[in-house]
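Visitor: Pasting the sequence and the predicted model now:
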Amino acid sequence: MSEHQGVEWKEIWKDEYLKWICGYANAQGGTLIIGKDDNGGVTGIGNSKKLLEDIPNKIVSTMNIIADVNLIEENGLEYIEIIVDSYPFPVNYRGKYYYRSGSTMQEIKGIELLKFLYERQGKMWDNVPIPGETVDTLSKEALQEFRKKSVYKKRLSKIAAEVNDKLLLENLKLFEGENLIRAAILMFHPDPEKWVTGAYIKIGYFGDSDSDLRYQDEVHGPLILQADKVVELIYTKYMKALIDYKGLQRTETYMFPMEGFREILLNAINHKDYSTGIPIQISIYEDKIYVWNDGKWPDNLPVDKIYEKHSSIPYNPKIADVFYKAGEIESWGRGFDKIMEVCEKEKAPYPDIDANFRGVMVLCKPCEQYNKLLKEKYRKETFSNVQFEKLSQEEQVRMAPILKYLDDNSIITNAIGRDLLGKSVATTKRYLNRLCEVGFLEQKGAGRSSYYERK
């Protein structure tokens, strides 16, 4: 038997190894062998009879569990094998909890200890009751929005959705006895941060570098309302569409498809570790978006398999169930299927995912058309600077309304020019022809159907 995560070799017995036995019991179980060196060679023990009596007694008296303690002989030398099962309840050694992780034994403390104790009691963090809050303290707007979404998506019947608030929450299993649980507070309380710090989303727009923060916002309030507010804010204030024309028809292209971004955001909200007190953070640049979530990636789902069929393992099951009933997320791990579908439709790369001990970072890259228009925008800006040098200062002042309009539009007509300048047809045409002379515009068509297009 070789040494690995579930097996450890020690040459002599020390009482401190009771911590290792505690760690095995709290993890996946394991075997501790006394009387072997680091290479697995048998060194033997000289006090086997005493150890066979002492070790089981110490395990029972300090941890109240039982382990198989066996004496084994090999080549005339004896060693002891201690086999520890994984226990379904939390095991402590002298009031402290240990856990075997990889090749190390770690003491579980703080928030991690609370989560460990909850899980061993069959509870998740979002299922813990919160005393002092009642249905009357919840947001009527949030509850009504849930009703509207659940009926529209046919996750609840109209009759089931229109029951009174208390019965609705009871049907959603958001009570523990007489107390609302954390999931209810996070989803529907007007100020969930009263109980759970960091239950909000930070958004920032960055310029030329990671330190060049241009502006930022925070979205607070019930989780059921946060996603809509964030998506609307980002796609109106933060993420400007690039404009293109097919003839006179105007089209708008966003960096990343809205539906796909919404799925990524909902995934972050549902899988966030709310016990850390750190908000979800969204960093937006002209050519990329980062969504960072202080959450834990599922142990049994490799990151490189996320775009394959996989089971749904929500970090916050109660929160996820409310979002599912509202029709905001899918069951059976369908969220990433939807992201793949919209990315393929809009010719956008699948998001890159980096999951580690610091959390989960999702990188969204631009779609093909946006990349094309962004390069064209840079080309036009460079080209425009050259053309402006050919205009006199007086011409630039007089044509300012037209030039400002052409910052966001590639096509202008004589009629639009007249409205912008407040000048006659002849004067407007002279200005537009002047912009053609310096190479800024190009006239298309003839007669009444003519228009001018930026080069």
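Guide: Everything's here; your move.
Visitor: need the contact list for the most centrally placed residue in the chain.
Guide: Nearest to the geometric centre of the chain sits Ala268, at 2.7 Å (CA atoms, centre = their mean). Contacts were defined as CB atoms under 8 Å, 6 or more residues apart in numbering; by that measure Ala268 touches 280, 291, 293, 295, 360, 362. In this view, the C-beta of every residue, glycine as well, is placed from N, C-alpha and C.
Visitor: among the residues you listed, who's most crowded?
Guide: Tallying neighbours with other CB atoms under 10 Å puts Asn293 at the head of the contacts of Ala268, with 27 neighbours.
Visitor: Could I get the contacting residues of it?
Guide: Here Asn293 is in contact with 268, 271-272, 280, 359-362 (criterion: CB under 8 Å, 6+ apart).
Visitor: any chance of these in a markdown table, plus secondary structure, pLDDT and distance to Ile203?
Guide: Listed next are the contacts of Asn293 as a markdown table, based on DSSP: H, G, I helix; E, B strand; the rest coil; pLDDT from 0 to 100; distance: CB to CB, whole Å:
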| residue | secondary structure | pLDDT | distance to Ile203 |
| --- | --- | --- | --- |
| Ala268 | helix | 94 | 12 |
| His271 | helix | 90 | 19 |
| Lys272 | strand | 92 | 15 |
| Ile280 | strand | 97 | 9 |
| Gly359 | strand | 89 | 17 |
| Val360 | strand | 94 | 17 |
| Met361 | strand | 96 | 15 |
| Val362 | strand | 96 | 14 |
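Visitor: Closest one of the residues you listed to Ile339?
Guide: Nearest to Ile339 among the contacts of Asn293: Val362, at 9.7 Å, using CB to CB.
Visitor: Let me know the closest of the contacts of Asn293 to Met124.
Guide: Of all these, the one sitting nearest Met124 is His271; the distance, using CB to CB, is 12.2 Å.
Visitor: what about the closest one, how many neighbours?
Guide: Counted by other CB under 10 Å, the residues lying close to His271 total 21.
Visitor: residues contacting it?
Guide: 293, 295-296, 314-316, 360.
Visitor: Restricted to strands, list those.
Guide: With strands taken from DSSP state E, the overlap with those comprises 293, 360.
Visitor: and which of the contacts of His271 is nearest Lys325?
Guide: Of all those, the one with the least separation from Lys325 (CB to CB) is Pro314, at 13.0 Å.
Visitor: Look up the closest residue to that closest one, ignoring the ones flanking it.
Guide: Leaving aside its chain neighbours, Pro314 sits nearest to Ala320 (3.6 Å; criterion: CB to CB, 6 or more residues apart in numbering).
Visitor: Can you show me the CA trace of the strand or helix carrying the one you found as CSV?
Guide: Assessed by DSSP states H and E, Ala320 sits inside helix 317-325. Output of helix 317-325 as CSV, limited to C-alpha atoms (Å, rounded to 0.1, in the frame of the first residue of the first chain):
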residue,chain,number,x,y,z
PRO,A,317,-29.9,25.2,-3.0
LYS,A,318,-32.7,27.3,-1.4
ILE,A,319,-31.8,30.4,-3.3
ALA,A,320,-31.4,28.5,-6.5
ASP,A,321,-34.9,26.9,-6.0
VAL,A,322,-36.5,30.3,-5.7
PHE,A,323,-34.7,31.5,-8.8
TYR,A,324,-35.8,28.4,-10.6
LYS,A,325,-39.5,28.9,-9.5
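Visitor: Check which helices and strands that helix sits against.
Guide: helix 140-152, helix 182-188, helix 223-233, helix 258-271 (3 or more CB pairs under 8 Å, 6 or more residues apart in numbering; DSSP states H and E).
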